[in-house]
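**Q** need a structure here:
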Amino acid sequence: MRETPIAGLTIHELTVHEDNRGWFKENWAGQGLHPVQQNVSFNAQAGTTRGMHAEPWDKWVSVASGSVYGAWVDMREGSETFGARFGTEITPGTAVFVPRGVANGFQALEDATSYIYLVNARYNPHGSYAFCSYREIDWPLEPTELSAADQEHPSLADASPVPPRRILVTGADGQLGKALRKVWTNGEADFFGRAEFDITAIPELDYSQYWAVVNCAAYNDVNGAEQDRAAAWAVNADAPARLAALANEHDLTLVHVSSDYIFDGSVEVHTEEETASPLSAYGASKAAGDTAAQVARKHYVVRTSWVFGEGKNFMDTMAGLAERGVEPKVVSDQRGRPTWAEDLAKGIAHLLATHAEYGVYNITSAGDTAGRDEIAMAVFIGVGADPSSVHPVTTAQYAEIAGPEAPRPAESTLDLAKITAAGFTPTNWRAALAIYLASR
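**A** The predicted structure is shown next:
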């Protein structure tokens, strides 16, 4: 492989096996591309020139017969080599990887030349495409047989650059979505609420403009799922399967948020390798979605627990009770580690920014494991109330007071060794709680 003056544009030498019959070559072997289409451009006469087209996809180009002069112009907005030009002869023994946003063109150097290229996205009639003039290139032959469209393309100075791909965030009106809005503030992401992007019926969008999708959408009514299992399954299980298929079709990285409720809580600390063992309909739907999301070639399945941030959550409820002088009865035999939504958002952003190894990651805030009653007491202290106003009860005792509930794991602590080894250190949940209450 040889580098070029255009970042990411690389030249690859292919082995051509020749004998009395002609020749044979392996044209592509997985190098940096997941193709969804192969195209062939036949050029009858030498001098035929095509370009310059900067589509929103990667290409792997070579020739099946004859030879061409390949040419490229970097049209990527913000690229370190924006505006750079490069050209080289392409014969059957040469292939070129062309990154998204680099304008591509070629000129046939011989009659009856067949130019072949693989792409990792299909043409979208509603998509956004960029072009610059073929005159940006010093062609070895006088350009002939130009299309009318190619003759009208603007000079690079007047052309629209290709913007970088963004991140698509679903369920962006929830606690995690709101926290991610604070992380990606410079146009890196597009945020869609439930009304804008229904994950149970994937909308038509130009997905070539994205490189990742972060699924924050979920059916979170643990008790309600016992009666409305179909709704929970549609959002928590079927939808992640659709998103995984979408990610594979458009070569996207899928980030899916899973839950501690996929476990029965029979062990004190849950690692990423533990097999799911859900106790409830909600937990079963989340476990199914967890597995379905892993079908995406590029995936981060992020398991978390007891999230608190901007919106309705346990911490906010306890703070409200403390401020009204209510003395709540809180379950003491369900233990875990809370997750500040900002920790979860920053952890997800870290995985994407560092291109960490794909797979399953636990992300919660750090610190000690605590019962729900202890966490409630920490909230009471944080708002200046008496922690002794919180009265610990068992899960069975609470059911006698509030009525039957969906079963929940007794132990929800998630092991954080893998995410910390990946370079992300979450905040201690007690410090995070203090920050949250101070800004509430």
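**Q** who touches the helix or strand residue 433 falls within?
**A** Under the criterion of DSSP states H and E, residue 433 resides in helix 429-439. With C-beta atoms under 8 Å, 6 or more residues apart in numbering as the contact definition, helix 429-439 has outside contacts at 308-309, 315, 319, 337-340, 342-343, 364-368, 375, 378-379, 382-383, 427. C-beta here means a position set from N, CA and C on the backbone, and glycine is covered the same way.
**Q** near residue 274, how many other residues are there?
**A** 17 (other C-beta atoms under 10 Å).
**Q** correction: the previous question concerned residue 47.
**A** Using other C-beta under 10 Å: residue 47 sits among 18 other residues.
**Q** and the pLDDT for it?
**A** Predicted confidence (pLDDT) for residue 47: 97.
**Q** confirm residue 187 sits in a strand?
**A** No - remark: residue 187 does not belong to a strand; assigned using DSSP: H, G, I helix; E, B strand; the rest coil, it is coil.
**Q** mind giving me the domain split of the chain?
**A** 2-158, 166-439 (automatic domain parsing).
**Q** mean neighbour count, those: which tops it?
**A** Using mean count of other C-beta atoms under 10 Å, the stretch among these with the largest mean neighbour count is domain 166-439, at a mean of 19.
**Q** what mean pLDDT does that one have?
**A** On average, domain 166-439 scores 96.
**Q** chain center to the helix holding residue 433, what's the gap?
**A** The chain centre lies 28 Å from the centre of helix 429-439; the measure is C-alpha atoms, centre = their mean, to the nearest Å.
**Q** repeat that for stretch 320-332.
**A** For stretch 320-332, the distance to the chain centre is 39 Å (C-alpha atoms, centre = their mean).
**Q** start and end of it, how far apart?
**A** Taking C-alpha to C-alpha, to the nearest Å, stretch 320-332 runs 20 Å from one end to the other.
**Q** neighbouring contacts of it?
**A** 318, 371-374, 376, 379-380, 383, 385, 389-395, 397-398, 401.
**Q** okay, and which of those map to strands?
**A** 371, 391, 392, 393 (DSSP state E).
**Q** identify the bridge partners of the second one.
**A** Beta-bridge pairing of residue 391 under DSSP bridges involves residue 329.
**Q** which ones are touching it?
**A** Contacts of residue 391 by C-beta under 8 Å, 6+ apart are 327, 328, 329, 330, 373.
**Q** then the first one?
**A** For residue 371, the contact set (C-beta under 8 Å, 6+ apart) comprises 331, 332, 333, 334, 335, 392.
**Q** looking at these, which are in helices?
**A** Using DSSP state H, no member of the contacts of residue 371 sits in helices.
**Q** hang on, residue 287 in a helix?
**A** Yes - using three-state DSSP, the assignment for residue 287 is a helix.
**Q** that one contacts residue 278, correct?
**A** Yes - under the criterion of C-beta atoms under 8 Å, residue 287 makes contact with residue 278 at 4.8 Å.
**Q** hey, what's in contact with both of the two?
**A** Common neighbours of residue 287 and residue 278 (C-beta under 8 Å, 6+ apart) are residue 262.
**Q** can you give me the helices in the stretch 1-150 of the chain?
**A** 148-152 (DSSP state H, counting those that start in this stretch).
**Q** do the same with the stretch 251-400 of the chain
**A** Using DSSP H, counting those that start in this stretch, helices in the stretch 251-400 of the chain cover 281-293, 314-323, 341-354, 372-382, 395-402.
**Q** of the ones you listed, which is nearest residue 257?
**A** helix 341-354 (7.7 Å; C-beta to C-beta).
**Q** which strands and helices sit next to that closest one?
**A** Applying 3 or more C-beta pairs under 8 Å, 6 or more residues apart in numbering; DSSP states H and E, we find helix 341-354 packed against helix 175-183, strand 253-259, strand 299-304, strand 307-308.
**Q** try 6 Å this time
**A** If you count contacts as 3 or more C-beta pairs under 6 Å, 6 or more residues apart in numbering; DSSP states H and E, helix 341-354 packs onto helix 175-183.
**Q** then the helix it packs on to CSV, C-alphas only?
**A** Only the C-alpha atoms of helix 175-183 are listed here, as CSV (Å, rounded to 0.1, in the frame of the first residue of the first chain):
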residue,chain,number,x,y,z
GLN,A,175,-32.1,11.9,30.0
LEU,A,176,-29.2,10.5,28.0
GLY,A,177,-30.2,12.4,24.9
LYS,A,178,-30.1,15.6,26.8
ALA,A,179,-26.7,14.8,28.2
LEU,A,180,-25.4,14.0,24.7
ARG,A,181,-26.5,17.4,23.5
LYS,A,182,-24.0,18.8,26.0
VAL,A,183,-21.2,16.6,24.6
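**Q** quick check: next helix or strand after that helix?
**A** strand 189-191.
**Q** ok now that next one, how far from the chain's centre?
**A** Chain-centre distance of strand 189-191: 11 Å, with C-alpha atoms, centre = their mean.
**Q** could you tell me the end-to-end distance of stretch 387-394?
**A** First-to-last residue span, stretch 387-394, C-alpha to C-alpha: 18 Å.
**Q** bridged to residue 302, which residues?
**A** Applying DSSP bridges, one finds that residue 302 bridges with residue 257, residue 361.
**Q** what about it, distance to residue 214?
**A** 9 Å (C-beta to C-beta, to the nearest Å).
**Q** which neighbours do those two share?
**A** Shared contacts of residue 302 and residue 214 (C-beta atoms under 6 Å, 6 or more residues apart in numbering): none.
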